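*Asks:* no sequence on hand, only this structure:
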């Protein structure tokens, strides 16, 4: 846009908004391809009387003030779950001027805010973040050959009814994994089954369905370690490393004795770190494949059959790609000082 071109009211509002967000006048002028003097004049006029003067009169930025106020709330980690109608009601109470929900949505979108579902992640305390950061730094020097000997394993639950997650938040594009946009959640849905599996470069275990009851240390030995993990230990050799998380059933003395007796080296794993485990991406893909079947499962038996069939159909290249992403996961976690990784970028 040339500085000679007409600058409409909406564009003026966007220019003022950018400067209010802390951007430099020079950067804003370059972004909108407008002369520095024009942007500077708009800003000075707004600071004096809240208006942007131009040759043919003045434009009062009432709607712009609405956008500015609410965007600042969202950026300060407040009211991100306020609906557009609630914003309209708040504006009516503050200014005694009626505006529609669609007007609010339109101007929030103009400021770069869109309604999106919050990302669900496990809660992280300061101690968790510190431990994650330390773990990533300790393993940052591992090579691709080192990680190629690791069998990444995990349990996961699949349900007949998925979580609809209808609650929306206002956020900017590309900011899904900022702390203010994340909804931390621990609870699993009901009416589900648990499965276990492991993946590594050029290989995968069979999908094991955990039958009725809870997974105990002895069941972990009998159903997972001996029939599945021990086979990979024999195939890979002394360099084989087994990764599992810190679930209680994984850390019993009986489990550790079994691993020692079988010569299986275990990878020490940082607590609260599912985003570092490549198999989490595979679970997501598996769930999508099952949900996208022509005849979705309607009971537990058909769900088990669908999961088993779709697990076997997953391309090995997909599994190799997510395993190789472990190096980038560590780098991201270090950059975020132990914070949540954006796992959707590792497929």
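*Replies:* Here it is on my side, so go on. All values derive from a computational prediction rather than experimental measurement.
*Asks:* check what pLDDT residue 5 gets.
*Replies:* Reported pLDDT at residue 5 in the predicted model: 48.
*Asks:* again, but for the one 10 residues further on
*Replies:* If you check residue 15, the pLDDT there is 82.
*Asks:* and what of the one 10 residues further on?
*Replies:* According to the per-residue confidence, residue 25 scores 89 in pLDDT.
*Asks:* that one: how many residues sit nearby?
*Replies:* By other CB atoms under 10 Å, the residues close to residue 25 number 18. Backbone N, C-alpha and C define where each C-beta goes, glycine included.
*Asks:* from what I see, it and residue 42 are in contact.
*Replies:* No: taking contacts as CB atoms under 8 Å, residue 25 lies outside contact range of residue 42: 9.3 Å.
*Asks:* which of the residues in stretch 149-161 are buried?
*Replies:* For stretch 149-161, a neighbour-count test (16 or more other CB atoms under 10 Å) marks 149, 150, 151, 152, 153, 154, 155, 156, 158, 160 as buried.
*Asks:* if you could redo that for stretch 193-205, that was the one I meant.
*Replies:* Neighbour count says stretch 193-205 has 193, 194, 195, 196, 197, 198, 199, 200, 201, 203, 204, 205 buried, by 16+ other CB under 10 Å.
*Asks:* quick one: what helix or strand has residue 103 in it?
*Replies:* Take DSSP states H and E as the rule and residue 103 turns out to sit in helix 101-110.
*Asks:* I'd like to know which elements that helix is packed against.
*Replies:* If contacts are counted by 3 or more CB pairs under 8 Å, 6 or more residues apart in numbering; DSSP states H and E, helix 101-110 sits against helix 9-20, helix 62-75, helix 84-95.
*Asks:* hmm, 7 Å instead?
*Replies:* Judged by 3 or more CB pairs under 7 Å, 6 or more residues apart in numbering; DSSP states H and E, helix 101-110 is in contact with helix 62-75, helix 84-95.
*Asks:* can you show me the strands along the stretch 201-347 of the chain?
*Replies:* For the stretch 201-347 of the chain, the strands defined by DSSP state E, counting those that start in this stretch cover 203-204, 208-210, 241-243, 265-267.
*Asks:* which residues are in contact with the last one?
*Replies:* Residues outside strand 265-267 that contact it (CB atoms under 7 Å, 6 or more residues apart in numbering) are 150, 240, 241, 242, 243, 259.
*Asks:* save those residues as TSV, and put in distance to residue 115 and pLDDT too.
*Replies:* Shown next, in TSV, are the contacts of strand 265-267 (distance: CB to CB, whole Å; pLDDT from 0 to 100):
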residue	distance to residue 115	pLDDT
150	40	98
240	47	97
241	43	98
242	43	98
243	37	98
259	48	97
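*Asks:* for the residues you listed, give me TSV that also has distance to residue 311.
*Replies:* Putting those into TSV (distance: CB to CB, whole Å) gives the following:
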residue	distance to residue 311
150	20
240	22
241	23
242	20
243	19
259	25
